[in-house]
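Undergrad: Below: sequence and its predicted model.
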Amino acid sequence: MKLGINVGYWQRDPEDATETVLAAERQGYDSVFTAEAYGSDAFTTLAWYGARTSRIRLGTAVVQMSARTPAATAMHALTLDALSGGRVILGLGASGPQVVEGWYGVPFPRPLARTREYLRIVRDIWAREAPVVNDGPHYPLPYPGGAGLGKPLKSITRPLRPDIPVYLGAEGPKNVALAAEQADGWLPLFCDPEKIEEVFGGSLAGRKPGFEITATVTTVVAPLEEALTWAKVPLAFYIGGMGAKDKNFHLDLIGRLGFAEEAARVQELFMAGRRDEAIKAVPDALADSISLLGPLERIAERLELWKASPVTTLLVAGVKDEPTLKAIRNLVDA
């Protein structure tokens, strides 16, 4: 199992994660992934870290499709891939209707069909075999309106790699199946290593040899009670705040992991503004099952579950200092 880090969304305060990324590279970590929601973007920070490193692979977990046309995303990826010497992994995701329609101002429906079209265009641009056309309803090329002067174009820049790997961020069974069918990897967000086959086995049945499962795992090295408290904070936010009451993909996934009633209570408390209570209502068993929490000795035991799972890369999230990164690497290598 490979190791990477997920530095998440960039925030103006408190930090630039360059030192953590450099430490991960020194310790032999395979990759660093960045994220975006409705603030900072994923590509800028990735370029920043890429310019300061030489070996570690550079991934997005994830770039939101509705933020950019397929052509814009393909251009971002091929440029950064060439400048970094072929280190990019493009992680794509559909996000949810609240962000897509509320932030980007574009319609959310039919995310599966949009993802298929998006993927095809991005790969056609990188392949550079012919001017790119698409007659699909979501991203038609050339645009069938406007000035009426659009024409099919081929990238004037030759990509360093025409086959930049593409991973899909997916939570629902159909989305995960699409990742297995069409992508090079899957980026699960909340992942219980003991339940991957139970919850997602059918969706992953069609995956190709070499398919990557790259799971972000909140990691807190501290006394278990303290670590659980830290791990519950983002969980409460995703369950309660990252989606509408009747349309929350994260809530649905937590339900499939066996915590539907508890998740509904967390959402109820969060939406009522009782956020401290919502955090406390996150079940210990849930936070523990999808994270790595506690002293290093306990984390060593929990890592065995991940090593035995289908996960190919574990993305450590929340660790910033080099000694802890080194300790976790040693545990994975043991």
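TA: Yep, that arrived.
Undergrad: Tell me, domain by domain, which residues of this structure belong where.
TA: What automatic domain parsing lists as the domains of the chain is 2-220+295-333, 223-291.
Undergrad: Need those domains in CSV (columns: mean pLDDT and mean neighbour count).
TA: Any C-beta I mention is one placed from the backbone N, CA and C, and that applies to glycine too. Shown next, in CSV, are the domains of the chain (pLDDT from 0 to 100; neighbours: other Cβ atoms under 10 Å):
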stretch, mean pLDDT, mean neighbour count
domain 2-220+295-333, 96, 18
domain 223-291, 92, 18
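Undergrad: Identify all contacting residues around stretch 116-132.
TA: Outside stretch 116-132, the residues within contact range by Cβ atoms under 8 Å, 6 or more residues apart in numbering are 65, 70-71, 73-75, 77-78, 90, 92, 134, 136, 138-139, 141, 151-155, 158-159, 161-164, 166, 178, 182-183.
Undergrad: how about a cut-off of 6 Å?
TA: 65, 70, 74, 134, 136, 138-139, 141, 152-155, 159, 162, 182 (Cβ atoms under 6 Å, 6 or more residues apart in numbering).
Undergrad: So Ser40 sits against Val7, correct?
TA: No: if you go by Cβ atoms under 6 Å, Ser40 and Val7 don't touch, sitting 11.1 Å apart.
Undergrad: Quick check: next helix or strand after the host helix or strand of Ser203?
TA: Using DSSP states H and E, Ser203 maps to helix 196-204. Using DSSP H and E, the helix or strand that follows helix 196-204 in sequence is strand 212-221.
Undergrad: now the angle from that next one to helix 196-204?
TA: 150 degrees (axes from the mean of the first three to the mean of the last three Cα atoms, to 10 degrees).
Undergrad: From the chain's centroid, how far away is strand 212-221?
TA: Its chain's C-alpha centre and that of strand 212-221 lie 10 Å apart, by Cα atoms, centre = their mean, to the nearest Å.
Undergrad: Dump the C-alpha coordinates for the next helix or strand after it into CSV.
TA: Counting by DSSP H and E, the next helix or strand C-terminal to strand 212-221 is helix 224-241. Output of helix 224-241 as CSV, limited to C-alpha atoms (Å, rounded to 0.1, in the frame of the first residue of the first chain):
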residue,chain,number,x,y,z
LEU,A,224,-7.9,8.2,21.8
GLU,A,225,-10.6,10.4,23.4
GLU,A,226,-8.9,13.5,22.1
ALA,A,227,-8.3,12.0,18.7
LEU,A,228,-12.0,11.0,18.4
THR,A,229,-13.1,14.6,19.2
TRP,A,230,-10.9,16.0,16.4
ALA,A,231,-12.1,13.4,14.0
LYS,A,232,-15.8,14.1,14.7
VAL,A,233,-15.5,17.8,13.8
PRO,A,234,-15.3,17.4,9.9
LEU,A,235,-17.7,14.5,10.0
ALA,A,236,-20.4,16.6,11.7
PHE,A,237,-19.8,19.4,9.1
TYR,A,238,-20.1,17.0,6.1
ILE,A,239,-23.2,15.2,7.5
GLY,A,240,-24.9,18.4,8.7
GLY,A,241,-23.7,21.2,6.5
